[in-house]
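**Q** Provide a 3D model corresponding to the input given below.
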Amino acid sequence: MTDADPRSEKQKMLAGDLYRAGGEELTADAVRADRLMRAYNATTAEETERRRGLLAEMLGAVGEDSVLRPPFHCDYGSNIRIGRGCFVNFGCVFLDVVAITLGDHCQIGPSVQIYTADHPRDPDLRRAGYESGIPVHIGANVWIGGGSIILPGVRIGDDAIVGAGSVVTRDVPAGATVAGNPARILKRAPTT
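**A** Next comes the predicted model:
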């Protein structure tokens with residue numbers, strides 16, 4: 001079934017299909033990300049230019065005036081795109097087996113975790129080592145409170161707020177405020 005697929009594990013991963021997290025390509029990408037994360041996380045607040053250079057090398061894109069406070073952890077980094085003027089606080093984890101996108105001017109609290117990595121519901125496929133990924137998209141001017149977890153496939157609309165400690169399992173409409181586990185809408189955006 002999945003073993004007959006001629007694509008590399010990385011090609012399958014990036015397509016959001018079942019893959020195994022191994023092989024030369026993915027191993028090399030993980031080693032590269034680990035090297036860059038360790039260097040980035042060892043910087044001091046005075047090393048703004050070095051931090052900027054390391055982020056530019058590690059991430060798929062990072063916008064002007066965006067700040068990621070170390071420590072920061074990710075799978076590959078290359079699948080993360082961060083807009084302009086974003087702030088990502090201490091201790092965030094972005095599992096980026098596929099795309100994670102942050103729009104301009106997002107505020108991400110400490111210890112926020114964003115997961116694109118997913119696993120098959122079929123126990124035989126899990127036992128065989130398969131996994132997959134579903135992209136996460138966070139719109140512009142979103143505020144995600146500290147300790148929140150964003151699950152695979154979630155889309156958060158522009159100007160939304162996610163309360164601290166929330167577990168976001170479903171899409172969040174633009175302008176809405178959500179909180180809880182699982183996160184539920186507390187306030188919808190005003191209609192015009």
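
**Q** which residue is nearest the middle of the protein?
**A** Centroid-nearest residue in the chain: Phe94, 3.7 Å away (criterion: C-alpha atoms, centre = their mean).

**Q** looking at this, that residue is in a helix?
**A** No. According to DSSP: H, G, I helix; E, B strand; the rest coil, Phe94 belongs to no helix; its state is strand.

**Q** my guess is it contacts Leu102, does it?
**A** No. Counting by C-beta atoms under 8 Å, Leu102 is not a contact partner of Phe94; they are 9.2 Å apart. From N, CA and C alone the C-beta is placed, and that goes for glycine too.

**Q** Contact partners for the residue nearest to the centre of the chain?
**A** Phe72, His73, Cys74, Asp75, Ile80, Ile100, Gln113, Ile114 (C-beta atoms under 8 Å, 6 or more residues apart in numbering).

**Q** Tell me which of the residues you listed fall in strands.
**A** Phe72, His73, Cys74, Ile80, Ile100, Gln113, Ile114 (DSSP state E).

**Q** Show the average pLDDT along the longest helix belonging to the chain.
**A** The residue-count maximum for a helix in the chain (DSSP state H) belongs to helix 23-41. Across helix 23-41, the average pLDDT comes to 96.

**Q** Just the CA coordinates for it, please, in PDB.
**A** C-alpha atoms of helix 23-41 as PDB (Å, rounded to 0.1, in the frame of the first residue of the first chain):
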ATOM      1  CA  GLY A  23      15.600   8.600   5.400                       C
ATOM      2  CA  GLU A  24      18.600  10.700   4.400                       C
ATOM      3  CA  GLU A  25      16.700  13.800   3.400                       C
ATOM      4  CA  LEU A  26      14.600  14.200   6.500                       C
ATOM      5  CA  THR A  27      17.500  13.200   8.800                       C
ATOM      6  CA  ALA A  28      19.700  15.800   7.200                       C
ATOM      7  CA  ASP A  29      17.000  18.400   7.500                       C
ATOM      8  CA  ALA A  30      16.400  17.500  11.200                       C
ATOM      9  CA  VAL A  31      20.200  17.700  11.900                       C
ATOM     10  CA  ARG A  32      20.300  21.200  10.200                       C
ATOM     11  CA  ALA A  33      17.400  22.400  12.200                       C
ATOM     12  CA  ASP A  34      18.900  21.100  15.500                       C
ATOM     13  CA  ARG A  35      22.200  22.900  14.700                       C
ATOM     14  CA  LEU A  36      20.500  26.200  14.000                       C
ATOM     15  CA  MET A  37      18.100  25.900  17.000                       C
ATOM     16  CA  ARG A  38      21.000  25.200  19.400                       C
ATOM     17  CA  ALA A  39      23.000  28.200  18.000                       C
ATOM     18  CA  TYR A  40      19.900  30.400  18.200                       C
ATOM     19  CA  ASN A  41      18.900  29.400  21.700                       C
END
